[in-house]
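Visitor: what shape does this take:
(2 chains)
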Amino acid sequence: MIPTPWFLYAGAFLFCLGVFMVITRRNAIMALIGVELILNAANLNFVAFSRFDSGVLGGQMAAIFVIVLAAAEVAVALAIVLTVYKRFKTVNLDEINTLKE
Amino acid sequence: MNLTEVVFLAFCGALAGAGIVLSLTRKVIYGAFLLFAILFIMAALFVFAGAEFLAVTQIIVYVGGILILVLFGVMLTQIMRDESPKTQIMHLIPGLLASVGLLVALIWLIQSIPNADPHWARLPKSGEVESNLDSIGKGTVTLFLLPFEAISILLLAALIGAASLSRKSTPKKDAS
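Guide: Residues are numbered from 1 along each chain as shown, chains lettered A, B, ... in the order given. Okay, here's the model as predicted:
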């Protein structure tokens, strides 16, 4: 059996990569990809601990709900990105700033 | 170090390589395809953790649904002009500080977990072992019924919201 900390290290690495992409990326689609990385890291953590939860599989159920939430979030986020692109003609996050004075 | 652990480490190495290239690439289409590779490697890691139904669900929903949406987004928002390559990453120093600091904190936290069998573990009885699909099916309609219904409503709301956001706005003709 693979020791649990190995799964947790992989999840932590993916999480920090996702955080890095959300902070430093200028393109809105790249920031969305970073959010997907974060959600996948959380899924890996859930599934790693659900190995000890036979019969109930709470971790895998939580991971299924996270996948469904990610699908809904990507649909709405891409609709927003396309609307913003029609209005501003760009998806660079630091050029979409007409709300501030 | 048996073969299972070696293959697991190989998958983790591929994950790390794809992730590092993803965080440094300049083109959005490369990012979408690297996400494709990362999602497949995540499905392999799910199989290592004994969650084979979740691995197949990940491939069907994430790769076959979410990644296609991301590719559509990439296709519809790319402007065909020359972009200067040095303006692709902003806030590099705060980003590096935040992510590397978080990684150090998480690694320190994980290595301080005592190496014992968890006393709360619910290990399978040595008789019949239910398959993953059976447990998930039963759990969805018994213990996890409320999240299941709530997430159905959320999906409905998200679908209506996304469809109404991306509707073509028809110009209204004034009757004055």
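Visitor: let me see the mean pLDDT of the lengthiest helix in chain A.
Guide: Counting by DSSP state H, the longest helix found in chain A is helix A:58-88. Helix A:58-88 shows a mean pLDDT of 93 in the predicted model.
Visitor: do the same with stretch A:18-35
Guide: 92.
Visitor: so it, near chain B or not?
Guide: Yes: interface with chain B: stretch A:18-35 contributes A:19-21, A:23-30, A:32-33 (C-beta under 8 Å from any C-beta of the partner chain). No exception for glycine: its C-beta is placed from N, CA and C like everyone else's.
Visitor: reformat those as a markdown table; add neighbour count, secondary structure and distance to residue B:58.
Guide: Shown next, in a markdown table, are the residues of stretch A:18-35 next to chain B (neighbours: other C-beta atoms under 10 Å in any protein chain shown; DSSP: H, G, I helix; E, B strand; the rest coil; distance: C-beta to C-beta, whole Å):
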| residue | neighbour count | secondary structure | distance to residue B:58 |
| --- | --- | --- | --- |
| A:19 | 22 | helix | 21 |
| A:20 | 25 | helix | 23 |
| A:21 | 25 | helix | 20 |
| A:23 | 19 | helix | 26 |
| A:24 | 22 | helix | 26 |
| A:25 | 24 | strand | 24 |
| A:26 | 17 | coil | 29 |
| A:27 | 22 | strand | 25 |
| A:28 | 22 | helix | 24 |
| A:29 | 23 | helix | 21 |
| A:30 | 26 | helix | 21 |
| A:32 | 24 | helix | 18 |
| A:33 | 27 | helix | 16 |
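Visitor: quick one: the residue nearest the centre of chain B from residue A:37, how far?
Guide: Closest residue to the average C-alpha location of chain B: residue B:39 at 6.5 Å, with C-alpha atoms, centre = their mean. Residue B:39 sits 10 Å away from residue A:37, taking C-beta to C-beta, to the nearest Å as the criterion.
Visitor: before we move on, what about residue B:73?
Guide: Taking C-beta to C-beta as the measure, residue B:73 falls 16 Å from residue A:37.
Visitor: quick one, which of those two is more surrounded?
Guide: Using other C-beta atoms under 10 Å in any protein chain shown, the more surrounded residue of residue B:73 and residue A:37 is residue A:37, with 27 against 24.
Visitor: surely that one is in contact with residue B:19?
Guide: Yes: the pair residue A:37 / residue B:19 is scored as a contact, 7.4 Å apart, by C-beta atoms under 8 Å.
Visitor: give the residues shared as contacts by those two.
Guide: A:14, A:17, B:38 (C-beta atoms under 8 Å, 6 or more residues apart in numbering or on different chains).
Visitor: a markdown table please, covering those and showing secondary structure and neighbour count.
Guide: A markdown table is the format used below for the shared contacts of residue A:37 and residue B:19 (DSSP: H, G, I helix; E, B strand; the rest coil; neighbours: other C-beta atoms under 10 Å in any protein chain shown):
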| residue | secondary structure | neighbour count |
| --- | --- | --- |
| A:14 | helix | 26 |
| A:17 | helix | 24 |
| B:38 | helix | 22 |
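Visitor: I'd like these as JSON lines, with distance to residue B:97 appended.
Guide: Converted to JSON lines, the shared contacts of residue A:37 and residue B:19 look like this (distance: C-beta to C-beta, whole Å):
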{"residue": "A:14", "distance to residue B:97": "19"}
{"residue": "A:17", "distance to residue B:97": "15"}
{"residue": "B:38", "distance to residue B:97": "24"}
